[in-house]
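>>> using only what follows, build the 3D model:
(4 chains)
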There are 4 protein chains.
Amino acid sequence: MEMSEKLNFACDYAKGAHPAIMRQMMDTNMLKTTGYGFDKFSESAKNRIREACGCKDAVVEFLIGGTQTNAVMIDAFLKSYQGVIAAQTGHISTHEAGAIESGGHKVLTLPQQSGKLSIEDVEQYLEDYYQDENHEHMVMPGMIYLSQPTEYGTLYSRDELQAFRNICDKYDLSLYVDGARLAYALASPANDVTLRDLAKLCDVFYIGGTKCGALFGEAVVIPDPGKIPHLFTIIKQHGALLAKGRLLGIQFDELFRDDLYLRIGRPAITAAERIQKALQEKGYRLYFETPTNQIFCIMENRALERFGEKVEYGFWEKYDEDHTVIRLATDWGTTGEEITALIDAL
Amino acid sequence: MEMSEKLNFACDYAKGAHPAIMRQMMDTNMLKTTGYGFDKFSESAKNRIREACGCKDAVVEFLIGGTQTNAVMIDAFLKSYQGVIAAQTGHISTHEAGAIESGGHKVLTLPQQSGKLSIEDVEQYLEDYYQDENHEHMVMPGMIYLSQPTEYGTLYSRDELQAFRNICDKYDLSLYVDGARLAYALASPANDVTLRDLAKLCDVFYIGGTKCGALFGEAVVIPDPGKIPHLFTIIKQHGALLAKGRLLGIQFDELFRDDLYLRIGRPAITAAERIQKALQEKGYRLYFETPTNQIFCIMENRALERFGEKVEYGFWEKYDEDHTVIRLATDWGTTGEEITALIDAL
Amino acid sequence: MEMSEKLNFACDYAKGAHPAIMRQMMDTNMLKTTGYGFDKFSESAKNRIREACGCKDAVVEFLIGGTQTNAVMIDAFLKSYQGVIAAQTGHISTHEAGAIESGGHKVLTLPQQSGKLSIEDVEQYLEDYYQDENHEHMVMPGMIYLSQPTEYGTLYSRDELQAFRNICDKYDLSLYVDGARLAYALASPANDVTLRDLAKLCDVFYIGGTKCGALFGEAVVIPDPGKIPHLFTIIKQHGALLAKGRLLGIQFDELFRDDLYLRIGRPAITAAERIQKALQEKGYRLYFETPTNQIFCIMENRALERFGEKVEYGFWEKYDEDHTVIRLATDWGTTGEEITALIDAL
Amino acid sequence: MEMSEKLNFACDYAKGAHPAIMRQMMDTNMLKTTGYGFDKFSESAKNRIREACGCKDAVVEFLIGGTQTNAVMIDAFLKSYQGVIAAQTGHISTHEAGAIESGGHKVLTLPQQSGKLSIEDVEQYLEDYYQDENHEHMVMPGMIYLSQPTEYGTLYSRDELQAFRNICDKYDLSLYVDGARLAYALASPANDVTLRDLAKLCDVFYIGGTKCGALFGEAVVIPDPGKIPHLFTIIKQHGALLAKGRLLGIQFDELFRDDLYLRIGRPAITAAERIQKALQEKGYRLYFETPTNQIFCIMENRALERFGEKVEYGFWEKYDEDHTVIRLATDWGTTGEEITALIDAL
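Numbers count the residues shown, from 1 in each chain, chains lettered A, B, ... in the order given. A predicted model of the protein is given here:
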C-alpha cells in the first residue's frame, strides 16, 4: 500500500482505526446479528461504558459523527422554543453548517477565551435574560454546550464544570459536553475531569470515537435513563440510525476493553508536548499553549510556505499581514518517526 | 468466532461486508487521507460509478444509510412548499419515523399494488391537483419517489420508469429512485432496467450499499451536475457527512471494481428462487411471487411457531386469525448450506 | 357602498364582523392599551370564555386564523417524533399547504365517513401500531384531530367524543377539536356537545371566530393550565402573536357577552334548513344531509352553469361526467332576502 | 369610553387605526368579497403601492405582523443551507423568539453601531467567509437584513443602501429591508431614502402598517415578479394567510390613498423633536439622538421612579448602578396635549 508522501498533521481523523478494532471487525464480519444496535457487541459496549462512567442505569447510544450527535441530542433535549448557549468558537456555532438551526434551535453565542465559555458571561447572560421584561419574546436558554477539550485544545477543570452544573440547576438548563476529542482530555496530565465526573455533572455528553481511535462513531451517555423517552425513534427520524449497529458496538466494545480509551490518547499528548517544546526551542511563537493534541503556532508566511512543502497542516487564521496561525494535530497513532520528521521540517 | 445458533433469514443487513471490501479497509487502515470524501478512493469510486451509469459528469455523493439519504436528497430537491408522491408502502411513508416530515415535507401517499405505484393513479392525482381551484392551499407535488426493487421485492420495468419520467416532464416533477436493494434488481432475470437507464430517466437515484455487500453506505447519483448547488453543505447540515469519507469511497470502489455490483446480488436471487420453489413444493402459499431477494409466505400460525424455533424470519403482517405473512430475505452472501438448512426446516 | 351583484353562498367568511364587534372596535379605537394581549379586553374575553366552558383555570389564547392555530397548537402538544391522527378530509390533511409537516409532524390520515373519523378505525390503527414490532421506526401517534363540525358539516356526538377521549387515555394521546365553525355546531338542533363538554373531554380545542362573526380570530382553550408551559413564546416563535392583541380580545369579549356565541349561528342553521328543504322539493339531490351551515348538492352540469350566473357557490368535486358536487355555505348574517333569492335562482 | 389614566409613551402600537381606515372598515363590513386577498380592495391597494414604489410589476402581498413577515419572507428567499446577516440588535436577532431559526435558518449576527450594520463589517465578514477553506462546513450567507429605521430609530442613507446593494450583487445575496416603522423614516427630515429607492435597491422589503396607522398588517414588496414562485402557498403554509384578506387590502388602500402613508408619520416626528429638545433643555442626557419616532434617554433611577408614576415608558437597558436607559415612542396619532403633558411630567 502506498503512503501519503507528505507528513500529515492537518487533522486527527486522517487514519483508519486502532488495530484491535479492525481485527474484531474482520473476525466478526460474516456473523449475522440483529440490526439497529440490538446485538451483543453493542450491549457489551454499553455495559463497559456504563461501568467506566460509574452509572449502571445510564442510557448509552451510538451515533455516527459529531455534527449528527450534536444535532440529534440538542434537538432531543430542547423544547421547540429553547436555544443552546455556546462559545462563539463552539463547533455547533461555526462548523456544522447550521445543523442546530436546521432543527429549529438558535445557538446563543457568547464570547470565548481560548475556546472556553466563561462562567461569569453565562451567568450574566442568564440574569439579563430573566430580568428583561421582554424575555418571553426571546429565545429561552435551555442548555449549555461545552466541548472537552475545546476546539482550541483547552480544558475545563472539574471545578469549572461544577460551576456550570450549578448554573444549570439554578436556571433549569441541561448541561451537554461534546467530547469529540475526549480521549485527548483524559490522557492529558493537565486534566482533572474523569468520565465519572462527566456522568455526575452532565445531563448528556458524548465520548468521541471518530477522532479517538475508531473508524467512526460517538457514544452518547445520558446518566438519567428516564430523561428522553423514545430516543430510538428520535435517532431514526434524524436519519442517524445505523442499520448494522454492531459496527458501532464492536468499535466501542474494543475502545472500552481493559480501559483502552483512557490510554489511547497518550501518544498524541506525548507528541504534542514534544512538538510544542521543539517549536519554542526553534524560536517559533505559539498562539497559546494547549494541554491536549492540538498545537497552534504563529508562523511567518514565507517560512510557512517552505514548511507546507513538507508537511500538511491546518490553516487556522490570518494573524497579520506577514504571519499566519496554523494548527498541527497529533493523534492516537502518531509515531516517534513522524514527530522526528516534523521537528526536522521546522 | 461463535456463530448465531439459528438460521437467520430475517433481513438482508445482518452480516458485515464483502471480503474484498474488508481486505481493502485493512490494507489502507493506517494511511492518512484528506477527510470528507476528498480522497483518492472516493474519487476513484465516483469515476467507476459514473462510468457504470454512462454519465461522466454526474454528481456522485456517498451517504451512510437509506433513511438519511432519502431525507437529505428529498430535502435538497424539493422547494419548501412541495411534497413527494410515494406509495403507501414506500419506505419514506412508513418506516423512516417521519424523517421526511421532520424536514418539512409532506409525503403524498397513493395506493400500492404489490408495493408499486400505479402510473394511472399518479397521473390522476396530478390532474386532480391542478384542476382543484384550491390547489394553491394544498401541498404542491414536486417529486415522485419509487423504490427499485420495492419494499415488496417487485420491480418497475423500463417502460414503467419511462412513463413516470414522462409524467415528471409534464408536471415539472423530479423522479427519484430509492435503490436500497438495487443489486438485487440488477441481478434478477426479470429486470430490464440498467444503471444507464436509471441515469437517463431519473433526476436522482441511489445505489444501495448497506444491503448489497457494504458495511454501510449509499451512493447518490445526480446525472445533471448543475442541479443541486452546494450539496456538500446540505449534506453537512443534515449531519450526514462522514469525517473519514474514504470509508465510503473504499467500499464503493470495491463494489464497482470489475463490475462486482452487477454480480453481487446473484447468490441472493438464486437462493430466493430455490426457496420459493421449495415452499410451493411443500404446499406453502406465497403471499405473492417476487423476482428479487425477498420472499413473502403465508404460514399457519402453529407451523410458524415451530419454524420460528429454527429460523429467524421477518414478521410482515397478520393474514387472518390463523395465518401470518412472513418475510424471508436472502442476501449477497447466502450460502448453499443455509438454503438447504432452511428448506429442511420447512 | 356598492354591493356584490351576485348572490354569494361560496363560503362563510365573505363578510366582515357582527355589528357589536365593529361598534366596540370603533369606540375603543384611540384608546392606548398594552400590547400582545395584556389588555383588559383580552382579560375580560378570556374570563367570559372560561365561564362559558366551565373551567375557570383554563388557559385561553387568541390566535388569528385556523391554519395558524392548528399549526401552533399541534406543534405545542406533540413531541418532535409524534404525528397527529386525522381524517383524510381533515383540514390539516388537505387545505393547509403542509403547515403541519412544515412544523415537522406527520399527519397520520385515516379514511373518513361523511367527514368523520371512525372510532373503530382509530382504535384499530393504534392497536396495529403498538403490535408492529417495527413501530419504533414509525411515527408515533400523539394526538387525535377532530373538527366539530367537520369539513363536511357533520357532527360528532357527545358519546363519540367520549369514546375518542377513552382512546386517548388508553394510548396517551391528546384530543384536539378544531372548532373553526363551532358556532354552527352549537346552534344546530342535532348537536348535543356543549362548550363544557369540549372543555371536559379535550386537551385543547378552539372556538372559531373568523367564520362565526368575527373579522378574524380563534380562541384556543387548554383546560389544564399547566399543560403547555411558555405558550406565549411558542406563539411568538410561530409569528402568530398579534401586536395589538386587544383586537382579538375585543372581538371575543363581544362574542361571549351575554352568550352571543351560542346564538350567533342560528340564522345560518335556519337558512341551511330552508335551502336543503327547497333543494329537495325542487328535485335536486343532496350529496348528503348535514345538520349545520354547509349544504352539499349534486347538480347537473348545464343546470349548474345557469345557476352559476346568478350565485357564487363552492366547487366541491366532480361527481361524474355530467354532474358536480357543489357546496353552499350560509353564515351568521345570512338574511331572509338572500335565502329567498337563492331559492328563486334554483 | 374610559381612557387610560397614565400618559402612554411606551410603544407605537398602543392605539387602534387611523380614522380613515376605521371608517372604510365600517362602511364595507357587510359586503361579501372573495377571500384570501382576491378582492377589489386588495387589488386597489396593491396598485397604489406599486405606483408609490414606481414598479408596476412588483409582487405585493399583505401579511399580518412583523415577525411573521420576516419569518415568511426570509424563508421564501433563502435556500435551506443559507443564513441571513443581521445586526446584533436586529429584530430578527433578538425579539422574534427564534422564528427565523424555527424556519431552519441561522441569523448571522454582526456588531451594530446605533442599531446599524456597518458596510465594512459586512464586507469583511463575506470576504472572510469565502476565504475560509472550511466555508462549505459553515452556514452560507444568503441575505442581508436591515431595518429602516432601525430598532434604535436611526436611518440608513441612500448611499449606504446602495453600498449594501453592491455587496449583495458581488456576493449573490438578497437585500431585505424591514420597514416596520417605515412611515417614520419617510417623514423624517433626515431621511433621503424614498419608496422608489427601496424598490430599486432591495430584493424585498416591507411597508409597516401595524406601527404606522393600521390595526395590523405589513405590505411586502418584491420588485422582481418572477423571483419567488408560489408565494401564496408559502404564505399559507406559514399560517400567515388571512381568510378575510380584504381587511388588509382596505387598510393599505386607505394608507396609500392620496399618499397618506408619506405624511402619516409627521406628527410622530414633530413630537419626538419637541420631546428631545425639552429633555435636553431640562438637563436630561440622551443616550443618542435619533431622527425618527423613538427617543432614548438616560435617567437617574429615583427621577425615573417619579416619572414612571405619571408616564408609561419602555425600559431599554440598565446604564449603570444609578441610571437607566428608557425609550419613549411617539406615533402617528400623538397629540399636542400629550406632548405638553409629557414635558410637564419631566
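>>> A:P291 sits in which helix or strand?
When elements are assigned from DSSP states H and E, A:P291 belongs to no helix and no strand.
>>> residues contacting it?
A:149, A:153-155, A:188-191, A:269 (C-beta atoms under 8 Å, 6 or more residues apart in numbering or on different chains). For the C-beta atoms, the positions are set from N, CA and C on the backbone; glycine is no exception.
>>> please name the nearest non-neighbouring residue to A:W316.
Spatially, and ignoring its direct neighbours in sequence, A:W316 is nearest to A:V325 (4.1 Å; C-beta to C-beta, 6 or more residues apart in numbering or on different chains).
>>> in its sheet, what does the helix or strand encompassing that neighbour sit against?
Assessed by DSSP H and E, A:V325 sits inside strand A:323-329. Strand pairing for strand A:323-329, determined by DSSP bridges: strand A:294-300 (antiparallel), strand A:314-320 (antiparallel).
>>> got the residues of the stretch 51-200 of chain A near chain B?
A:64-72, A:96-99, A:102 (C-beta under 8 Å from any C-beta of the partner chain).
>>> before we move on, back to that, okay, the strands paired with strand A:323-329 in JSON lines with mean pLDDT and mean neighbour count next?
Putting those into JSON lines (pLDDT from 0 to 100; neighbours: other C-beta atoms under 10 Å in any protein chain shown) gives the following:
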{"stretch": "strand A:294-300", "mean pLDDT": "96", "mean neighbour count": "21"}
{"stretch": "strand A:314-320", "mean pLDDT": "92", "mean neighbour count": "14"}
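>>> that older thread, and the contacts of A:P291, which is closest to chain D?
Closest approach to chain D among the contacts of A:P291 (C-beta to the nearest C-beta): A:G153, at 17.1 Å.
>>> isn't the closest one right up against A:T89?
No - applying C-beta atoms under 8 Å, one finds A:G153 not in contact with A:T89, separated by 11.4 Å.
>>> quick check: neighbours shared by these two?
Joint contacts of A:G153 and A:T89 (C-beta under 8 Å, 6+ apart) are A:G115.
>>> export stretch A:333-341 as PDB, just CAs?
Output of stretch A:333-341 as PDB, limited to C-alpha atoms (Å, rounded to 0.1, in the frame of the first residue of the first chain):
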ATOM      1  CA  GLY A 333      -1.400   6.700  16.300                       C
ATOM      2  CA  THR A 334       1.300   9.400  15.900                       C
ATOM      3  CA  THR A 335       4.700   7.700  15.800                       C
ATOM      4  CA  GLY A 336       8.100   8.800  17.000                       C
ATOM      5  CA  GLU A 337       9.200   8.800  13.400                       C
ATOM      6  CA  GLU A 338       6.500  11.200  12.400                       C
ATOM      7  CA  ILE A 339       7.400  13.500  15.400                       C
ATOM      8  CA  THR A 340      11.100  13.500  14.500                       C
ATOM      9  CA  ALA A 341      10.400  14.100  10.800                       C
END
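>>> burial check on the closest residue to A:L7 other than its chain neighbours, number of neighbours?
Spatially, and ignoring its direct neighbours in sequence, A:L7 is nearest to A:V311 (4.6 Å; C-beta to C-beta, 6+ apart). The burial count assigned to A:V311 is 20, neighbours taken as other C-beta atoms under 10 Å in any protein chain shown.
>>> try A:P111
Neighbour count for A:P111, taken as other C-beta under 10 Å: 10.
>>> helices or strands next to the strand or helix carrying A:A45 in the packing?
Take DSSP H and E as the rule and A:A45 turns out to sit in helix A:40-53. The contact analysis (3 or more C-beta pairs under 8 Å, 6 or more residues apart in numbering or on different chains; DSSP states H and E) places helix A:40-53 against strand A:59-63, helix A:195-201, strand A:218-222, helix A:246-255.
>>> so which bits of it are buried?
Counting neighbours by 16 or more other C-beta atoms under 10 Å in any protein chain shown, one finds that the buried residues in helix A:40-53 are A:41-42, A:44-46, A:48-50, A:52-53.
>>> buried sites along the lengthiest helix in chain A?
As assigned by DSSP state H, the longest helix anywhere in chain A is helix A:266-281. Of the residues in helix A:266-281, A:266-276, A:278-279 count as buried by neighbour count, 16+ other C-beta under 10 Å.
>>> give me every residue that touches the closest residue to A:K318 other than its chain neighbours.
Once flanking residues are discounted, A:K318 sits nearest to A:T324: 6.0 Å by C-beta to C-beta, 6+ apart. The contact partners of A:T324, taken as C-beta under 8 Å, 6+ apart, are A:298-299, A:301, A:304, A:315-318.
>>> Throw those into TSV and include distance to B:E337, thanks.
Compiled in TSV, the contacts of A:T324 are given as follows (distance: C-beta to C-beta, whole Å):
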residue	distance to B:E337
A:I298	65
A:M299	62
A:N301	66
A:L304	61
A:F315	56
A:W316	57
A:E317	60
A:K318	64
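>>> residue of the stretch 201-346 of chain A closest to chain B, please.
A:G239 (3.2 Å).
>>> and that residue, how far is that from chain C?
12 Å (C-beta to the nearest C-beta, to the nearest Å).
>>> so that residue makes contact with B:H238?
Yes - using C-beta under 8 Å, A:G239 makes contact with B:H238 at a distance of 6.8 Å.
>>> now the farthest one out in chain A, which residue is it?
A:E133 (36.8 Å; C-alpha atoms, centre = their mean).
>>> dihedrals phi and psi, that one?
phi -70, psi -10 (degrees, to the nearest 10).
>>> what's opposite the closest residue to it other than its chain neighbours in the beta bridge?
Once flanking residues are discounted, A:E133 sits nearest to D:F315: 5.9 Å by C-beta to C-beta, 6+ apart. Assessed by DSSP bridges, D:F315 has beta-bridge partners D:I326.
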